[in-house]
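> Need the 3D shape of this:
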Amino acid sequence: MHNLSKTLLILAGVLVIFTLLAAGISLYKGYLGKPIKYVIPESYQGWVTVIYGKVGCPPLEESGIFVIIPVDETGNGCTSTPILKGWRYTKYVQVSNDGNHTNLEWDRSSTGMIWAMSNRTPQGGSPHYADVFFVGTKDQLENAWSSQPK
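Predicted coordinates for the structure are as follows:
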């Protein structure tokens, strides 16, 4: 019994070391990246478009472990930072005028407020990558498909 416990402990240690090594390599190679937080004004509902790599826009900033992607009152975001690559945890928050943050769920249920997330590649005359998603209820999304950004 003692040998079995020792063997299991060694296997668990090897697994932990392998997992940490794989995560480190993934971070180094760009397969994993820092988590993203989209910051959206509380009053905004509708289609959001965030343009990446646009000259004249500010670079993305970090706060704690998150890369912050600000969205303005018209649903637009713009950064000189190239599009972020790799697997990332993504969080969506609405910020009130007094600075309170409310987490928004991605369409996991009928109460979700984030829908239809897509990444756009440079095409149709636009030289930039972009993220596009919808903020609002499922019913609002159903009524907004015709105004989806092209």
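> contacts and neighbour counts: CA atoms only from here.
Will do.
> Please name the nearest non-neighbouring residue to the residue nearest the centre of the chain.
The centroid of the chain falls nearest to residue 90 when counting by Cα atoms, centre = their mean (3.3 Å). Leaving out its chain neighbours, the residue that sits closest to residue 90 by Cα to Cα, 6 or more residues apart in numbering is residue 36, at 4.8 Å.
> Residue 85 is in contact with the one you found, correct?
No - counting by Cα atoms under 8 Å, residue 85 is not a contact partner of residue 36; they are 11.1 Å apart.
> neighbour count winner among those two?
Using other Cα atoms under 10 Å as the criterion, residue 36 and residue 85 rank with residue 36 on top: 19 against 11.
> List the residues that contact the residue nearest to residue 90.
Shown in contact with residue 36 (Cα atoms under 8 Å, 6 or more residues apart in numbering): 66-69, 88-91.
> Are we agreed that residue 10 is in a helix?
Yes - judged by DSSP: H, G, I helix; E, B strand; the rest coil, residue 10 forms part of a helix.
> Tell me if I'm right that the residue nearest to the centre of the chain and residue 39 touch.
No - if you go by Cα under 8 Å, residue 90 and residue 39 don't touch, sitting 11.1 Å apart.
> Now residue 73: which helix or strand?
Using DSSP states H and E, residue 73 maps to neither a helix nor a strand.
> Next, work out how far apart it and residue 40 are.
According to Cα to Cα, to the nearest Å, residue 73 stands 8 Å off from residue 40.
> Give me the more crowded residue out of these two.
residue 40 (27 against 14).
> element containing that one, please.
With DSSP H and E as the criterion, residue 40 is inside strand 36-41.
> quick one: low-confidence ranges for this structure?
For the chain, the stretches with pLDDT under 70 are 1-2, 4, 8, 11-30, 107-108.
> before we move on, back to that, who's in contact with the residue nearest to the centre of the chain?
Here residue 90 is in contact with 35-38 (Cα under 8 Å, 6+ apart).
> Which parts of the chain are strands?
Using DSSP state E, the strands of the chain run over 36-41, 46-51, 61-63, 66-70, 76-78, 90-95, 101-104, 114-120, 130-135.
> Now render those as a markdown table, adding distance to residue 145.
Output for the strands of the chain, formatted as a markdown table (distance: least, Cα to Cα, whole Å):
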| stretch | distance to residue 145 |
| --- | --- |
| strand 36-41 | 20 |
| strand 46-51 | 9 |
| strand 61-63 | 31 |
| strand 66-70 | 23 |
| strand 76-78 | 17 |
| strand 90-95 | 21 |
| strand 101-104 | 20 |
| strand 114-120 | 10 |
| strand 130-135 | 10 |
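> Nothing else from me, thank you.
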